[in-house]
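> Take a look and give me a structure for this.
(chains A, B, C and D)
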2 protein chains.
Amino acid sequence: MARKTEARRKELREALILIAERTIAAEGLSALRARDLAKEAGCAVGAIYNVFGDLTDLALAVNARTFHRLGADVAEALADAPTDPVEQLVVMGQAYHRFAAANHNSWRALFDIERAPGEAAPDWYLAEMGRLFQYISDPLAALFPKHSAADLTLLTRALFSSVHGIVLLGLDEASAGVPSDDIDRMIALVLRQFAGSQ
Amino acid sequence: MARKTEARRKELREALILIAERTIAAEGLSALRARDLAKEAGCAVGAIYNVFGDLTDLALAVNARTFHRLGADVAEALADAPTDPVEQLVVMGQAYHRFAAANHNSWRALFDIERAPGEAAPDWYLAEMGRLFQYISDPLAALFPKHSAADLTLLTRALFSSVHGIVLLGLDEASAGVPSDDIDRMIALVLRQFAGSQ
DNA sequence: GCTAGCGTTGAACTGCGTTCATTTGAAAGG
DNA sequence: CCTTTCAAATGAACGCAGTTCAACGCTAGC
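Okay, the predicted model is just below:
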């Protein structure tokens, strides 16, 4: 019986993640509703809470998948990139932009989850973030061989944050959305200027 | 009679803005509740809706004030800054950081308001944003006299977004908050590197 | 079959923003 | 003054969320 239950829960868990993923992608994080989920999954509302602590946990599970896809996209872009470290940075920045634009709602959900104050980010979040940072810090280490590890960490964070900021404000239609080409141009501008000048 | 009513509404409007401002500053945007507001203001819940269309309108009124304070802080920092354009950019970036850190909840509320899809940002938002952009584009124009106006606009946006991204992720405690000094260092790094190397 | 006990269920609870039938009170007219 | 009138203020009620838990039903072991 323990087996049966566990298997059923696992099945429900995965079904719920898929439905939530589709909902968030199509209508955004705020469209995630317990009753709608239950109806779509063909289960009771309470069943959701047998499998996830609350809806935020479910959204976090979706975010883990989104973050993973993002990482994969960036890695793929990097694989096809030239060997020049500066160009690698530019390619990755623009891959980040492409992912955010193509998965706007899902990407926004990564940052829109209300975090309980004082609560640390989940492990997978930090791990995935670390993976992204590694992609950035490798070309930077090649560009700045003299810098200390601490300096490289700071540089990495600064560049990631800069690209993130450019994409975030660029895609925000409220501030009169910026054309996609302009976003790519800004990313290239900042990264080339930064890393190009030794 | 018309006078009396109008005066009372204006008074209530301002009282509500002050209470909401205090609430948002102390506990964040999500702590804004109609019933609490009414209790604090000594009015009926319905009275709020005689003065504001909904709670979002009230939050926007608070945001207008916050944005104005932010602009004033940056302008003040600029007034005390050296004449070197690069240093002016650095000083402004760090003033932005200081404001965000010292007014975390209020600053976050500027970007956390759920915007109706397709709805443009309010005029005051665009106007205040334009003021900030002007502060940035002036030193940039001095640094890059050869660039076209369109290029300067792009540069301005790119640098603002970069600083915003650095502050946003740096202050986000979920991703293991970055020490304040490191944030300042990253801002200086990006801006000096960018603007310093002609 | 029977029953003990655990997993599932969905009605009910709480708390939110928002509305609107009712009440109130101020101004105009007698 | 008192009465009439009507717009503005009121707060109980509504709709809609997330979450809970007493009751139900299924399954496994006898």
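> Report the mean per-residue pLDDT for stretch A:50-65.
Here stretch A:50-65 scores 95 as its mean pLDDT.
> Residues of chain A that sit close to chain B?
A:30, A:114-115, A:118-121, A:125-126, A:129, A:154-155, A:157-166, A:168-170, A:173-176, A:178, A:182, A:185-186, A:189-190, A:193-194, A:197 (C-beta under 8 Å from any C-beta of the partner chain). C-beta coordinates here come from the backbone N, C-alpha and C atoms, glycine included.
> Can I have the buried ones of the residues you listed as a ChimeraX selection?
Selection of buried members from these for ChimeraX, criterion 16 or more other C-beta atoms under 10 Å in any protein chain shown:
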select /A:121,125,129,154,155,157,158,159,160,161,162,163,164,165,166,168,169,170,174,175,178,182,185,186,189,190,193,194
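> Out of the residues of chain A next to chain B, list just those in helices.
Mapping those onto helices (DSSP state H) picks out A:125-126, A:129, A:154-155, A:157-166, A:168-170, A:182, A:185-186, A:189-190, A:193-194.
> Please enumerate residues in contact with stretch A:41-55?
With contacts defined as C-beta atoms under 8 Å, 6 or more residues apart in numbering or on different chains, stretch A:41-55 is touched by A:9, A:12-13, A:15-16, A:19, A:32, A:34-35, A:37-38, A:58, A:61.
> Nearest spatial neighbour of the residue sitting nearest the centre point of chain A, chain-adjacent residues omitted?
Nearest residue to the geometric centre of chain A (C-alpha atoms, centre = their mean): A:Phe67, 3.7 Å. Of all residues not flanking A:Phe67 in the chain, A:Glu128 sits nearest, at 4.5 Å (C-beta to C-beta, 6 or more residues apart in numbering or on different chains).
> what's the pLDDT at A:Arg9?
79.
> quick one: contacts for it?
A:Asn50, A:Val51 are the contacts of A:Arg9 under C-beta under 8 Å, 6+ apart.
> Remind me which helix or strand it belongs to.
For A:Arg9, the host element (DSSP states H and E) is helix A:2-27.
> Show me how far that helix is from its chain's centre.
21 Å (C-alpha atoms, centre = their mean, to the nearest Å).
> Can you give me the buried ones in whichever helix or strand comes after it?
Going down the chain from helix A:2-27, the next helix or strand is helix A:34-41, by DSSP H and E. Within helix A:34-41, the residues scored as buried using 16+ other C-beta under 10 Å are A:Leu37, A:Ala38, A:Ala41.
> what does stretch A:51-62 give?
Buried-residue list, stretch A:51-62, by 16+ other C-beta under 10 Å: A:Val51, A:Phe52, A:Leu55, A:Thr56, A:Leu58, A:Ala59, A:Leu60, A:Ala61, A:Val62.
> The one residue in chain A that gets nearest to DNA strand C: neighbour count?
Closest to DNA strand C within chain A is A:Gly46: 1.9 Å, counting by C-beta to the nearest atom of the strand. For A:Gly46, the count of nearby residues is 9 (other C-beta atoms under 10 Å in any protein chain shown).
> roughly how far apart are it and A:Ala15?
Distance of A:Gly46 to A:Ala15, given as C-beta to C-beta, to the nearest Å: 16 Å.
> same question, A:Leu171
30 Å.
> Which residues are in contact with the one residue in chain A that gets nearest to chain B?
In chain A, no residue comes nearer to chain B than A:Gly165, which is 2.2 Å away by C-beta to the nearest C-beta. Neighbouring residues of A:Gly165 by C-beta under 8 Å, 6+ apart: B:Ser161, B:Ser162, B:Val163, B:His164, B:Gly165, B:Ile166, B:Leu168.
> excluding its backbone neighbours, what's nearest the last one?
In space, and not counting its chain neighbours, B:Leu168 is closest to A:Gly165: 6.6 Å by C-beta to C-beta, 6+ apart.
> returning to what we had before: go back to the contacts of stretch A:41-55 and keep what's next to DNA strand C.
A:Arg9 (C-beta under 7 Å from any atom of the strand).
> from the contacts of stretch A:41-55, which single one is nearest DNA strand D?
Closest to DNA strand D, out of all of those and judged by C-beta to the nearest atom of the strand, is A:Ala34, at 3.6 Å.
> what about the residue nearest to the closest one when sequence neighbours are not counted, neighbour count?
Nearest residue to A:Ala34, sequence neighbours excluded (C-beta to C-beta, 6+ apart): A:Val45, at 5.3 Å. A:Val45: 13 surrounding residues under other C-beta under 10 Å.
> Please apply the same query to A:Gly28.
A:Gly28 has 17 nearby residues by other C-beta under 10 Å.
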